[in-house]
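*Asks:* Using only what follows, build the 3D model:
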Amino acid sequence: MGPRADIERTLRIAAAMLAAAAPGCSWIGWGLQKPPPLPVEPSTAIHCTTDKVAPILDTVGAAAFVGLGVAGMVTVHGSCSGGAGSMCGLQEAAFGLSLSSAAIGVLYGASAVYGYGATGRCARLIEWENACAKGDARACERLRGAPEPDPAAGPERR
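*Replies:* Take a look at the predicted model:
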């Protein structure tokens, strides 16, 4: 095995490690207990995650993987544009690894969006639960699955 084979093997290992890092904290449920679907009985205690640690970690992962992928693509393109550079022989493999990194970043981004949505729904359900316990009939209706009023419809339709 020559140096080229060693580099190719290292690129394959790095690609496998990047793939293993996906899909993200919010999708796999690490640190995120999803909110229950509606309807929820108002007397039932709602247990779900309102803190945003998992989606924040997903956001960081998205930025890092996309940034690494873009930087890798720019570097590979720049190193081969002038002729026979050291990376030119492995341009396809390095470009593929960079593209894989960017794709994993997109998955992390989607996981972050999901996580922010889930924690937001959880906070809203807990808010309704607390309001219902204090006698707010509209909050109790929302927990039972009544649709929320459309703010664009105007006050007469609420």
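*Asks:* who does the top helix by length along the chain touch, helix- and strand-wise?
*Replies:* Ordering each helix of the chain by length in residues (DSSP state H) puts helix 91-133 first. The contact analysis (3 or more Cβ pairs under 8 Å, 6 or more residues apart in numbering; DSSP states H and E) places helix 91-133 against helix 3-21, helix 25-28, helix 53-80, helix 137-143. Yep, even glycine has a C-beta here, placed from its N, CA and C like the rest.
*Asks:* can you give me the mean pLDDT across the third one?
*Replies:* For helix 53-80, the per-residue pLDDT values average out at 83.
*Asks:* try the last one
*Replies:* Taken as a whole, helix 137-143 carries a mean pLDDT of 93.
*Asks:* Next: the first one.
*Replies:* For helix 3-21, the mean per-residue pLDDT is 61.
*Asks:* and what of the second one?
*Replies:* Confidence over helix 25-28, taken as the mean pLDDT, stands at 76.
*Asks:* contacts for that helix?
*Replies:* Helix 25-28 is touched from outside by 31-32, 53-55, 57-58, 61, 110-112, 114-115, 118, with contacts defined as Cβ atoms under 8 Å, 6 or more residues apart in numbering.
*Asks:* Ala146: what secondary structure?
*Replies:* Under DSSP: H, G, I helix; E, B strand; the rest coil, Ala146 falls in the coil class.
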